[in-house]
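In: Just to be clear, the model below is a prediction. Sequence and coordinates:
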Number of protein chains: 2
Amino acid sequence: MKHPQQHPDLDQMKLTEVMAALSDPIRVGLVRLLSDGVERGWGELRAPVAKSTLSHHLRVLRNAGITRTREEGTRCFVTLRRADFDTRFPHLMDAVLDAAGSEDVGHHVGLASAEKLSGVRAGEEVNA
Amino acid sequence: MKHPQQHPDLDQMKLTEVMAALSDPIRVGLVRLLSDGVERGWGELRAPVAKSTLSHHLRVLRNAGITRTREEGTRCFVTLRRADFDTRFPHLMDAVLDAAGSEDVGHHVGLASAEKLSGVRAGEEVNA
DNA sequence: TACGTCGTTCGATGTTTTAAGAACGGCGAA
DNA sequence: TTCGCCGTTCTTAAAACATCGAACGACGTA
């Protein structure tokens, strides 16, 4: 996509930026979704926001060094930069994921799978 | 002081609020300062902001459940709610403190000790 | 080539946050 | 009681953020 998507190096990651990135429920939800290490296509992601907003959230995560975006043709795939992140901020991701899991932060963020199979379109009814 | 200073219970603490509270360098600096477990008087704290702003930052930390404020006569004392916090968010504080230490977040926040001994007044020259 | 899809970027809007100063209320000392 | 100190709250202003819709550019396909 147009501009070549920059990802920060380990030593460019800033704690306060990471904390700010993880202070939004939708972004935490996305991180939880990616926490199994599986790469996900943009189109699989479901969140109760407009696509431009989702794009914005993914950029915040990317700029903070939390996720990596890979482009393939016209579509994008995201992964957690788990190893990098753990190197720079040991144990932080684990602690955040545990906490987020226990209070179910970002539960309205999910995958397309179920809805897609039942014919529901992108971005609909998920906000219910 | 006037209103009785409310502190959230363990189950009222919200991850995203905590993350937001820790996304500001000054607040992280305050947390680092308190991380030795010693209770500090308001007057000991030095940060390059106006007192109303410092009061605001301390309220954000308090509302997030990170610190506890105790009043004694006309002055206040703050402590980290370390045990509570660790119960609610295991390992999170350690991870944050480690990261903050390694990049020296909030280094402009400090104690009065040295300056006081040399006759410097509250809130001055620290912003240098 | 013309069209549709995909994700980003732009522009606008409303909300939240940071910040400082002024005014206030509580308390202790003179 | 009167004064001064301490920390909070209020007011105001500036900056940052979340959100959306529209427009755009890149790519694949008909």
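Out: All right, it came through fine.
In: how about the nearest residue to the residue nearest the centre of chain A, chain neighbours excluded?
Out: Central residue of chain A (C-alpha atoms, centre = their mean): residue A:30, 3.6 Å from the mean position. Among residues not flanking residue A:30 along the chain, residue A:109 sits closest, at 5.7 Å (C-beta to C-beta, 6 or more residues apart in numbering or on different chains). For glycine as for every other residue, the C-beta is placed from the backbone atoms N, C-alpha and C.
In: Look up the pLDDT of that neighbour for me, please.
Out: Looking at residue A:109, its pLDDT stands at 97.
In: Point out where chain A drops to low pLDDT.
Out: Scanning chain A for pLDDT under 70 picks out A:1-3, A:114-128.
In: Wait, the residue nearest to residue A:30 touches residue A:44, no?
Out: No: counting by C-beta atoms under 8 Å, residue A:109 does not reach residue A:44; the two are 11.3 Å apart.
In: The two: which is more packed in?
Out: residue A:109 (23 against 17; other C-beta atoms under 10 Å in any protein chain shown).
In: show me the contacts for the more buried one.
Out: By C-beta atoms under 8 Å, 6 or more residues apart in numbering or on different chains, the contact set of residue A:109 is A:26, A:29-30, A:32-33, A:45-47.
In: Type out the ChimeraX command that picks the buried ones from the residues you listed.
Out: Buried residues within the contacts of residue A:109, by 16 or more other C-beta atoms under 10 Å in any protein chain shown, are selected in ChimeraX with:
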select /A:26,29,30,32,33,45,46,47
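In: just the contacts of residue A:109 now: which is nearest DNA strand C?
Out: The shortest approach to DNA strand C among the contacts of residue A:109 belongs to residue A:45, at 8.4 Å (C-beta to the nearest atom of the strand).
In: List phi and psi for the closest one.
Out: Dihedral pair for residue A:45: phi -70, psi 130, per degrees, to the nearest 10.
In: What of residue A:103?
Out: Taking degrees, to the nearest 10, you get phi -110, psi 10 for the backbone angles of residue A:103.
In: what does chain A put close to DNA strand D?
Out: Within chain A, the residues that sit near DNA strand D (C-beta under 7 Å from any atom of the strand) are A:1-2, A:20, A:23-24, A:26, A:48-53, A:56-57, A:60, A:73-74.
In: Please indicate which of the residues you listed are buried?
Out: A:20, A:23-24, A:26, A:48-49, A:57, A:60.
In: tell me, which of those make contact with chain B?
Out: Subset of those in contact with chain B: A:20, A:23-24, counting by C-beta under 8 Å from any C-beta of the partner chain.
In: Going by contacts, tell me the helices and strands next to the longest helix along chain A.
Out: Assignment by DSSP state H gives helix A:51-64 as the longest helix of chain A. When contacts are defined as 3 or more C-beta pairs under 8 Å, 6 or more residues apart in numbering or on different chains; DSSP states H and E, helix A:51-64 packs onto helix A:15-21, helix A:25-34, strand A:67-72.
In: Packing partners of the last one?
Out: Strand A:67-72 sits against helix A:25-34, helix A:51-64, strand A:75-80, with contacts defined as 3+ C-beta pairs under 8 Å, 6+ apart.
In: Let me know whether stretch A:35-47 sits next to DNA strand C.
Out: Yes: for stretch A:35-47, a contact with DNA strand C is found by C-beta under 7 Å from any atom of the strand, at A:41-43.
In: Okay, and which of the residues you listed map to strands?
Out: The members of the residues of stretch A:35-47 next to DNA strand C that map onto strands under DSSP state E are residue A:41.
In: any idea which of the residues of stretch A:35-47 next to DNA strand C is closest to DNA strand D?
Out: Nearest to DNA strand D, judged by C-beta to the nearest atom of the strand, of these is residue A:42 at 11.8 Å.
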